[in-house]
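Visitor: Prediction below, plus the sequence it came from.
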Amino acid sequence: MENLDKAQDLVQNAEVVVVVAGNGLAKAEGLDLLGEENFERAFPDIVQKYDVHSVGYALDQHLSSWSEKWQLWSRLIQKYSLAYRPSETLKQLKQLIGKRQYFIATSTFGHFFETAGFNENRIFNAFGDWTKMQCSSGVNHGLQDSYNVMQKFVAAESRAALEHLVPKCEVCGQPLEIHMPLNDHFYPDTDANSRFRWFLTGNEDKNTVFLELGVDETSPQLREPIEHLVAEYPQWSYVAADFPQETLLPEIQERSAGVNGNTASLINYLVTE
């Protein structure tokens, strides 16, 4: 309980909250990147056709036909994002942040925070957002929303119709693909990245808490850099839902709380206690 109380004090006294959310949070929201049982139950035909048993492996498929790619992507996104309803945990997180300044840096790609009503200008999807489309040419021609395209692919009744649904770049005419690091063509959302950097720069002297949620083995890039960043600024602190206190950097131990529980239990405690 000591670390939970410390975590509560750090969050309650913070002027600014930076949420660092990994794929463990996506799993809690229904998108388990490597989970096999639920995937096999939801997509038996995909399992049989491609011999893949999880979302992660399905996304790694190198299919030659753009219509086949979009058909596969659309079915995944339809289930995990278009039909998604925010969990009680995300609703509580929004309540916890309240009217404070905040930013969210996340490796999740399911559009969860946006759907839950968080400000889209305060979210950096480090590994993309599969509800957005980018040009497959490898040149940054901007991002577009993919909802209409996905809905048409899901509703298509014939293979012939699929060929005409493949979205094309308005600049160069090349096919569009989902905005994820599936190949060398991926580029981060530079606008969101810049907003995040300016946000951090503008809060160097403020009492800022970094709230780690669901950072696991599939999203390690979000842990070490953030801990070292916190170590540079004495006004900043770190609250970890997934790591015990003794595993955090020695330099930030006194102003950090490692709970080693899970996101849902930590957020619930911080809101209700």
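Guide: The structure has been received and is ready for your questions.

Visitor: can you pull out the helices in the stretch 101-250 of the chain?
Guide: Applying DSSP state H, counting those that start in this stretch to the stretch 101-250 of the chain gives helices spanning 112-115, 147-155, 159-163, 190-202, 224-232.

Visitor: Looking at the shortest one now, give me its mean pLDDT.
Guide: Yep, that's helix 112-115 we're talking about. Regarding helix 112-115, the rounded mean pLDDT is 98.

Visitor: As TSV, the helices of the stretch 101-250 of the chain with distance to residue 252 and mean neighbour count would be great.
Guide: For the C-beta atoms, the positions are set from N, CA and C on the backbone; glycine is no exception. As requested, the helices of the stretch 101-250 of the chain are exported to TSV (distance: least, CB to CB, whole Å; neighbours: other CB atoms under 10 Å):
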stretch	distance to residue 252	mean neighbour count
helix 112-115	25	21
helix 147-155	41	17
helix 159-163	52	13
helix 190-202	16	14
helix 224-232	5	16
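
Visitor: which one is the residue nearest to the spatial centre of the chain nearest to, not counting chain neighbours?
Guide: Residue closest to the mean C-alpha point of the chain, counted by CA atoms, centre = their mean, is residue 108 at 1.8 Å. Of all residues not flanking residue 108 in the chain, residue 26 sits nearest, at 4.1 Å (CB to CB, 6 or more residues apart in numbering).

Visitor: Quickly find the element holding that neighbour.
Guide: helix 23-28 (DSSP states H and E).

Visitor: quick revisit: distance to residue 184 added to the helices of the stretch 101-250 of the chain, as TSV?
Guide: As requested, the helices of the stretch 101-250 of the chain are exported to TSV (distance: least, CB to CB, whole Å):
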stretch	distance to residue 184
helix 112-115	26
helix 147-155	23
helix 159-163	26
helix 190-202	17
helix 224-232	22
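
Visitor: Out of the ones you listed, which gets nearest to residue 77?
Guide: Checking the helices of the stretch 101-250 of the chain against residue 77 by CB to CB gives helix 147-155 as the closest, at 5.3 Å.

Visitor: lowest-confidence stretch among the helices of the stretch 101-250 of the chain?
Guide: Among these, helix 159-163 has the lowest mean pLDDT, at a mean of 78.

Visitor: Which elements pack onto that one?
Guide: helix 66-77 (3 or more CB pairs under 8 Å, 6 or more residues apart in numbering; DSSP states H and E).

Visitor: So what's the gap between the helix it packs on and the chain middle?
Guide: On the basis of CA atoms, centre = their mean, to the nearest Å, helix 66-77 sits 20 Å off its chain's mean C-alpha point.

Visitor: repeat for stretch 231-248
Guide: Mean-position distance between stretch 231-248 and its chain equals 20 Å (CA atoms, centre = their mean).

Visitor: ok, and what's touching the helix or strand bottoming out on mean pLDDT in the chain?
Guide: Every helix and strand in the chain was compared by mean pLDDT, DSSP states H and E; the lowest is helix 159-163, with a mean of 78. If you take CB atoms under 8 Å, 6 or more residues apart in numbering as the criterion, helix 159-163 is touched by 67, 68, 70, 71, 153, 156.

Visitor: Check the residues you listed and tell me the two furthest apart.
Guide: 68 and 156 (11.9 Å).

Visitor: related to what we said a few turns ago, what about the helices of the stretch 101-250 of the chain, which gets the closest to residue 270?
Guide: Of the helices of the stretch 101-250 of the chain, nearest to residue 270 by CB to CB is helix 112-115, at 17.4 Å.

Visitor: Flag the shaky bits of the stretch 101-250 of the chain, pLDDT-wise.
Guide: Along the stretch 101-250 of the chain, no part satisfies pLDDT under 70.
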